[in-house]
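J.: heads up, no residue letters with this:
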């Protein structure tokens, strides 16, 4: 789907020429091992780089220039994938083919160079006023988790379920880590990003691929990485407890459950686990939705998600506090039913169709093509709808029941109001 070119040791360009879109999309992914102490530094760094550089000192100046480039979108962010910490620069711009007397693409590449290689330094450091402003923004983002009770409950569950583990390591860091950031530490993080991180550059659009690679080598002069790229294995940690209850000011209670699901992304049973998750709680036709929410009316919402990078599964639900035990029992019963092979033909057919539809829909956007390819390219099969569909189609009810027996509930976190019935 993508053609690969190495432009420096540890720096790869993935290009896809297609006339499917009127835009050209870039995604630069800087990858390193996920370490808690780096998270706050990298998040503050992305904010600083996005909002100020040597050419455009303020966010307003940057926005005006992006508008001049026919509404080009440029943003930086941080995320994680397994035991990798990823710093992103994503750009979407109009294709020059649709403009008269314009050279937008080269101007966008120049801007990408400016953002990454020409920071707004004073005496060799980032400006303290800008850094302090962005630190405050990141702290607000971290603290805002408490205001969204579903997110808060999930964060608390992950901390109890997989302590000191990538699954519970927040990409934004902690308030304490953000507050401790110095100008010197931020500059060091910036230099390490450019010099040491392994880099994947994705480009999708109606482009001349060879010319694009030459342009990227010119505008993004990354040097060879000193080391070979090695993924660090993610090992399970032991839960702090199997049950924790917390009371806060709120109305709707949150019941979140963590399960060990010991099938990882590269395992042969990965496709079967995807189908199990779909039947269990991943889709509107799933057992959790139809039985816990619809038939028994025990939950405002109830569903499951599978994290293949960590070999875990989560069930999240919003319930009335007095229904905690009944909801938990009914959720357990849905898992047991699948383990016992109580799977209908329709559940199996619908789940396979949903997986295929999700894949097809994701490929309808340039950003989706980048993200799906980046996710699935590590599998030992061709990245095509046909190849993936063949894997899902081969899964039987017996396969699903067998993989369901490996799923074990380990931790329950119940977030409820201060006044209970």
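T.: In hand now; what should we look at? Everything quoted here is computed from the prediction, not taken from an experiment.
J.: When you work out contacts or count neighbours from here on, use the C-alpha atoms and nothing else.
T.: Fine.
J.: buried residues in the biggest helix by length in the chain?
T.: If you go by DSSP state H, the chain has its longest helix at helix 345-362. Buried residues in helix 345-362, counted by 16 or more other C-alpha atoms under 10 Å: 347, 348, 350, 351, 352, 354, 355, 356, 359, 362.
J.: Stretch 230-237 too?
T.: In stretch 230-237, counting by 16+ other C-alpha under 10 Å, buried: 234, 236.
J.: A strand includes residue 255, no?
T.: Yes: with DSSP: H, G, I helix; E, B strand; the rest coil as the criterion, residue 255 is located in a strand.
J.: what is it paired to in the beta sheet?
T.: Residue 255 has these beta-bridge partners by DSSP bridges: residue 317, residue 414.
J.: rewinding a little: can you redo the buried residues of helix 345-362 as CSV with distance to residue 204?
T.: Listed next are the buried residues of helix 345-362 as CSV, based on distance: C-alpha to C-alpha, whole Å:
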residue, distance to residue 204
347, 36
348, 34
350, 31
351, 30
352, 28
354, 26
355, 23
356, 22
359, 17
362, 14
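J.: what two of these are the furthest from one another?
T.: By the measure C-alpha to C-alpha, 347 and 362 form the most distant pair in the buried residues of helix 345-362, at 22.4 Å.
J.: burial of residue 64, as a residue count?
T.: When neighbours are defined as other C-alpha atoms under 10 Å, residue 64 has 12 of them.
J.: And for the one 5 residues further on?
T.: Applying the criterion other C-alpha under 10 Å, we find 18 residues in the vicinity of residue 69.
J.: residue contacts, it?
T.: 93, 104, 107, 108 (C-alpha atoms under 8 Å, 6 or more residues apart in numbering).
J.: And residue 148, by the same measure?
T.: No contacts exist for residue 148 under C-alpha under 8 Å, 6+ apart.
J.: What's the separation between it and residue 18?
T.: 40 Å (C-alpha to C-alpha, to the nearest Å).
J.: Just to check, residue 146 is in contact with residue 152?
T.: Yes: assessed by C-alpha atoms under 8 Å, residue 146 is found in contact with residue 152 at 5.2 Å.
J.: These two: which is more packed in?
T.: residue 152 (17 against 13).
J.: which residues does that one contact?
T.: Taking C-alpha under 8 Å, 6+ apart, one finds 145, 146 in contact with residue 152.
J.: ok, back up a step: from the contacts of residue 69, pick the one nearest residue 410.
T.: Using C-alpha to C-alpha, the contacts of residue 69 come closest to residue 410 at residue 93, 46.1 Å.
J.: Quick one, grab the pLDDT at that closest one.
T.: With respect to pLDDT, residue 93 scores 96.
J.: cool, and the one 4 residues further on?
T.: The model reports residue 97 with a pLDDT of 79.
J.: can you confirm it is in a helix?
T.: Yes: remark: residue 97 belongs to a helix, assigned using three-state DSSP.
J.: what number of residues lie near it?
T.: Neighbour tally, residue 97, other C-alpha under 10 Å: 13.
J.: next one: residue 372
T.: 14.
J.: Could you do residue 404 as well?
T.: 23.
J.: per-residue confidence at it?
T.: 98.
J.: Identify the residues contacting it.
T.: 273, 276, 335, 338, 339.
J.: For residue 370, state which of those residues is nearest.
T.: Among the contacts of residue 404, and counting by C-alpha to C-alpha, the member closest to residue 370 is residue 273, at 23.4 Å.
J.: What are the boundaries of the strands in this structure?
T.: Applying DSSP state E to the chain gives strands spanning 3-8, 11-17, 23-33, 73-81, 84-94, 121-122, 125-126, 198-205, 243-248, 253-260, 299-307, 312-319, 408-417.
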